[in-house]
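Student: Need a 3D model of the sequence below.
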Amino acid sequence: MSQYTTLRLGGPAARIVTAVSAEEIVARVREAGEEILLLAGGSNVVIGDVGFPGTVLLVRSRGLRVLAEDEQTVTIRVEAGEPWDDLVAATVANGWSGLECLSGIPGSTGATPIQNVGAYGQEVAETITGVQVYDRVAGAVGRVAAVDCGFAYRSSIFKGSERWVVLSVDFRLARSPLSGPVRYAELGGALGVEVGDRVPLAQARATVLRLRAGKGMVLDPADPDTRSVGSFFTNPVLDRAGFELLRQRAADVGEPPAWPGTDGMVKVSAAWLIDKAGFGKGHPGPEGTAISTKHTLALTNPTGTASTRALITLAREIRDTVQSRFAVTLHPEPVLINCTL
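Tutor: Numbering: from 1, shown residues only. Below is the predicted model of the structure:
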């Protein structure tokens, strides 16, 4: 499976099939039964060295169509296999605002509601109005409204569930030549504007692409740092007591970067925790695995010859050291298939 993942890792599959439409996805899932793994961009999955014993379904459906529009908004339906950055580029070109800060993220459109993909102050939950799914329990195709998707930080009802197969996603976007209000200080600084300001869509997209590329987060065959799943760990969300304990543990290395969350929770920087625990950029792991030379959140397979076991060993060492040092548990962002952290 290594040729189908951005990490270039993963053992063999018993069977690989392809689906190029929603109808074909449903048919293939019904044929395969229980042992099936859906794979599109392969950018958010870590597959074990033993591979997958059942059917791997490569989702290759494509297309975008307008469902509704008025002077202020447009609602579009996008097939699950549509490459995500192609979609973002199309929305920017059409003057549709709402996805521009999610430029450069690898993978497919169908994966975005599963993970509630977000970056630079935007999340797909803000623009998704519904998700067309095949319900494997009911054996029927239906639609899950956004309010029922259970969107949370890098999560949804779809994540970790074998019940739902995403077929297409509906987005409602603003008709505007300008981006949404800039919410992320780093992006604002790169744009030369204040948080809350708006900029032309193309400028926002170009700047996000430049920032992501600088962190090795835009796929580039010539850049070994992009042989990763992007951020391997999510930013921890702590209650007040947990955050105060972290501050005490970190007193000798500085104030932990933090942002207010909902219900009094506090989101802290996983990258900062990893770095302060002694794992800097380029930190080597077994079999040539390494932390990216550009970003401490990305674990890489730069030679393309490592095993999944080696990458997991590095991830486990990072997680356990951060836990011991700061009493904070890091959780993996990608989906782990036949491997455990």
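Student: What are the boundaries of the strands in the stretch 201-341 of the chain?
Tutor: For the stretch 201-341 of the chain, the strands defined by DSSP state E, counting those that start in this stretch occupy 237-238, 258-260, 266-268, 290-291, 299-300, 335-337.
Student: Kindly report the same for the stretch 1-150 of the chain.
Tutor: With DSSP E, counting those that start in this stretch, the ranges of strands along the stretch 1-150 of the chain come out as 13-19, 36-39, 45-47, 52-59, 64-69, 73-79, 96-97, 118-119, 122-123, 128-135, 140-145.
Student: Between those strands, which one is closest to residue 103.
Tutor: Among the strands of the stretch 1-150 of the chain, strand 118-119 comes nearest to residue 103, with 8.5 Å by CB to CB. For the C-beta atoms, the positions are set from N, CA and C on the backbone; glycine is no exception.
Student: same question for that closest one, mean pLDDT?
Tutor: Averaged across strand 118-119, pLDDT comes to 94.
Student: Also stretch 236-250?
Tutor: The pLDDT scores in stretch 236-250 average 97.
Student: ok now it, how far from the chain's centre?
Tutor: 25 Å (CA atoms, centre = their mean, to the nearest Å).
Student: Could you do stretch 40-51 as well?
Tutor: On CA atoms, centre = their mean, the centre of stretch 40-51 falls 13 Å from the chain's centre.
Student: got it, and stretch 164-174?
Tutor: 16 Å.
Student: do the same with stretch 89-109
Tutor: Counting by CA atoms, centre = their mean, stretch 89-109 comes out at 14 Å from the chain centroid.
Student: Only the buried residues of that stretch, if you could.
Tutor: Under the neighbour-count criterion of 16 or more other CB atoms under 10 Å, stretch 89-109 has 89, 91-92, 95-109 buried.
Student: now for the strands of the stretch 1-150 of the chain, which one comes closest to residue 324?
Tutor: Of all the strands of the stretch 1-150 of the chain, strand 45-47 comes closest under CB to CB, at 23.3 Å.
Student: quick one on the thing from earlier: okay, the strands of the stretch 201-341 of the chain in a markdown table with mean neighbour count and distance to residue 158 next?
Tutor: Formatted as a markdown table, the strands of the stretch 201-341 of the chain follow (neighbours: other CB atoms under 10 Å; distance: least, CB to CB, whole Å):
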| stretch | mean neighbour count | distance to residue 158 |
| --- | --- | --- |
| strand 237-238 | 20 | 20 |
| strand 258-260 | 12 | 25 |
| strand 266-268 | 20 | 22 |
| strand 290-291 | 24 | 29 |
| strand 299-300 | 30 | 24 |
| strand 335-337 | 17 | 11 |
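Student: Which of the buried residues of stretch 89-109 fall within helices?
Tutor: In helices, defined here by DSSP state H, the members of these are 89, 91, 92.
Student: Can you give the domain ranges for this protein?
Tutor: The chain breaks down into these domains under automatic domain parsing: 2-59, 64-214, 224-337.
Student: which one of the ones in helices among the buried residues of stretch 89-109 is nearest residue 78?
Tutor: Of all those, residue 78 sits closest to residue 91, with 9.7 Å by CB to CB.
Student: which residues does that closest one contact?
Tutor: Residue 91 makes contacts with 76, 97, 98, 99, 100, 173, as judged by CB atoms under 8 Å, 6 or more residues apart in numbering.
Student: remind me, longest helix of this structure?
Tutor: Assignment by DSSP H; longest helix in the chain turns out to be helix 308-326.
Student: Now do that helix: which elements does it pack against?
Tutor: Judged by 3 or more CB pairs under 8 Å, 6 or more residues apart in numbering; DSSP states H and E, helix 308-326 is in contact with strand 45-47, helix 240-249, helix 270-276, strand 290-291, strand 299-300.
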